[in-house]
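# what shape does this take:
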Amino acid sequence: MPLGPRTRVLLIAAVVFAALAAFVWYLSVRYWTQPVTPLPAPRQDAEQTASPTTAATPNTIPQASATPAPSVSATPTPAATPTPTATPAASNSTQTQAATGDAAALASMRLLIPVAGVRPEALRDTFDDARSEGRVHDAIDIMAARDTPVVAAADGRVVKLFQSAKGGTTIYQLAAADEHLVFYYAHLDHYADGLAEGHVARRGETIGYVGDTGDAGPGNTHLHFQIYRVADPKHFWTGENINPYPLLRNSE
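Numbering: from 1, shown residues only. Sure thing, here's the model as predicted:
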């Protein structure tokens, strides 16, 4: 029985479809059954090149840049020397001449004992006494009760009111008769009302009150009184110390 046109088309389509299906099956089976070849391991130098590296740590820490030297108008700061320090004398003859001149200048000022009510016989020479850190006192301590008035030993300009780690509440005063001589008052409890830098304090004027600030020690109320000569009044915080005791023991 001959096939009709419709049947022949369907039969051809079925054969083509079957052939395509057989071809796809063959490709898939052949692909998945192929042996797998492993990739070669990376070389050691390649691993080192690929891995991240840590930046080298410097062996030394860079030093901070040097702080510029203070100008002639500089005043002491907490980072600077908080209490007056002595500078070495150039020679014995120079030192003797300076001491003679200082003694004459100070004698002309008729220094007062800078703590109200203290008599000369109550003073004790502590100028050469040892202090912590191998220091020498370079001053005298005038013992008195807290809030006893501290008076200006002579006429002079108050150049600095300063809070020091060692000296506590302090006053720097340049002598009016010779502004190369400095009076330094330390361990004050507080300043006199209205005291300000630039004020010219008169001899006997109350400028502060006895206390135990700084490293005096709790309850060890006294005035640390120091005199020293400076080469430059603008650098009033360091100089050659002068013993106040011989100057005050015959004072009023």
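# what about the longest strand in this protein?
For the chain, the strand with the greatest residue count under DSSP state E is strand 181-191.
# buried ones in that strand, by neighbour count?
181, 182, 183, 184, 185, 186, 187, 188, 189, 191 (16 or more other Cβ atoms under 10 Å). For the C-beta atoms, the positions are set from N, CA and C on the backbone; glycine is no exception.
# so what's the fifth one bridging to?
With DSSP bridges as the criterion, residue 185 is bridged to residue 171, residue 225.
# contacting residues for it?
By Cβ atoms under 8 Å, 6 or more residues apart in numbering, the contact set of residue 185 is 114, 150, 170, 171, 173, 207, 208, 223, 224, 225.
# close enough to count as contact, the fifth one and residue 155?
No. Judged on Cβ atoms under 8 Å, residue 173 makes no contact with residue 155 at a distance of 9.2 Å.
# these two: which is more packed in?
It is residue 173, of residue 173 and residue 155, that has more neighbours when counted by other Cβ atoms under 10 Å, with 25 against 16.
# returning to that earlier point: can you check which residues contact both of residue 173 and residue 155?
residue 201.
# re the thing from before, ok, the contacts of residue 185 vs residue 135, which is closest?
Distance to residue 135, by Cβ to Cβ, is smallest for residue 224 among the contacts of residue 185, at 12.5 Å.
# and the closest residue to that closest one other than its chain neighbours, what's its pLDDT?
In this structure, residue 224 finds its nearest non-sequential neighbour in residue 186, 3.9 Å apart by Cβ to Cβ, 6 or more residues apart in numbering. With respect to pLDDT, residue 186 scores 97.
# any idea how far residue 107 lies from residue 224?
According to Cβ to Cβ, to the nearest Å, residue 107 and residue 224 sit 23 Å apart.
# these two: which is more packed in?
Neighbour totals were compared for residue 107 and residue 224, and residue 224 leads with 24 against 11 (other Cβ under 10 Å).
# no further questions, thank you.
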